[in-house]
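Participant: quick one, what's the 3D model for this:
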Amino acid sequence: MWLLYLVIYQLLYMLVDQDILLASPAQIISSLVRMHREPGFYYAAAATLGRIVLGFVAGLTTGTILAILTVRFELAKMMLLPIIQGIRATPIASFIILALVWIQGSRVPVFIVFLMVVPIVWANISEGIQQIDHDLLEMVHAYRLPFSRRLRLLYIPSVAPYFLSAAVSGLGFAWKAGISAEVLSTPFFSLGGRIYESKIYLETADLFALTIVVIVLSVLLEKGFMKLIQRISRHFHLPVFLTERNARGRAA
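Facilitator: Numbers count the residues shown, from 1 in each chain. Just a heads-up that it's a prediction; the model follows:
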């Protein structure tokens, strides 16, 4: 199948016949090989990965805490709901430009990823908590189970599918938001900064090569996250409710 796509792309390249608009497969591969030999490329990839993971973890943690607060306290929900709705309604480019005014350029991607992940996690976790079976809640309270057992036997199993779907959906969105923020903020070591430079200098082959790198890293990051969740679940004897495919389906 991939070979067929490659042939179609080569035919399209020959039809366009303008390297500035469409790079050939050979040119893209050559750019990938050249980047592979540059130490700075790996620093840029690692820095981009670090910024996105940092923002994602912060957003995941904050979104979970806010979900618990808004479900538990009506006042917290009244105060936070307009803010969450405002974040959802505002274009990401507006936040990036505002962040460039507020904070240092290298921190902009972390802030943007955090800001984009929080509403996704908050919405899913809130729904998961509200969907906990009330009969089971009454039963665990009637038996006066300690909080640690209630957490392990009821709360975590009930909310886990919603948490995983939020995490998978949020991670994909975090990667796109983080790269977009890097393109506009151009931190010193970043894949987004390199994409911006490729556009400025009309290096189409590098632009395609960097796009491929971003896609591959995104897929690897998502698969690595799912593996981590599975290991944590096995270590703490928690059921793994979602496979990667099911998590994507619930997130959609």
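Participant: any stretches of the protein with poor pLDDT?
Facilitator: 133-143, 145-153, 235-252 (pLDDT under 70).
Participant: quick check, central residue of it?
Facilitator: The residue lying closest to the centre of the chain (Cα atoms, centre = their mean) is residue 171, at 2.1 Å.
Participant: that one contacts residue 222, correct?
Facilitator: Yes: Residue 171 lies in contact with residue 222 (Cβ atoms under 8 Å); the separation is 5.7 Å. Placement of C-beta: from N, CA and C, glycine included.
Participant: mind jotting down where the helices sit in the stretch 51-200 of the chain?
Facilitator: 74-89, 92-102, 108-130, 134-142, 147-150, 156-185, 191-200 (DSSP state H, counting those that start in this stretch).
Participant: can you list those helices in JSON lines and add distance to residue 22?
Facilitator: Below are these laid out as JSON lines (distance: least, Cβ to Cβ, whole Å):
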{"stretch": "helix 74-89", "distance to residue 22": "36"}
{"stretch": "helix 92-102", "distance to residue 22": "26"}
{"stretch": "helix 108-130", "distance to residue 22": "29"}
{"stretch": "helix 134-142", "distance to residue 22": "58"}
{"stretch": "helix 147-150", "distance to residue 22": "59"}
{"stretch": "helix 156-185", "distance to residue 22": "20"}
{"stretch": "helix 191-200", "distance to residue 22": "14"}
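Participant: closest to residue 40 out of those helices?
Facilitator: Closest of the helices of the stretch 51-200 of the chain to residue 40 is helix 191-200, at 9.1 Å (criterion: Cβ to Cβ).
Participant: tell me the buried residues in that closest one?
Facilitator: By neighbour count on 16 or more other Cβ atoms under 10 Å, the buried set for helix 191-200 is 191-196, 198.
Participant: which of those residues sits closest to residue 64?
Facilitator: Closest to residue 64, out of all of these and judged by Cβ to Cβ, is residue 192, at 27.4 Å.
Participant: who's the closest spatial neighbour of residue 16, skipping the chain neighbours?
Facilitator: Of all residues not flanking residue 16 in the chain, residue 22 sits nearest, at 4.7 Å (Cβ to Cβ, 6 or more residues apart in numbering).
Participant: right, and that neighbour touches residue 14 too?
Facilitator: No: using Cβ under 8 Å, residue 22 is not in contact with residue 14, being 9.6 Å away.
Participant: elements contacting the strand or helix carrying residue 217?
Facilitator: Element membership for residue 217, per DSSP states H and E: helix 204-235. If contacts are counted by 3 or more Cβ pairs under 8 Å, 6 or more residues apart in numbering; DSSP states H and E, helix 204-235 sits against helix 25-36, helix 39-72, helix 156-185, helix 191-200, helix 244-251.
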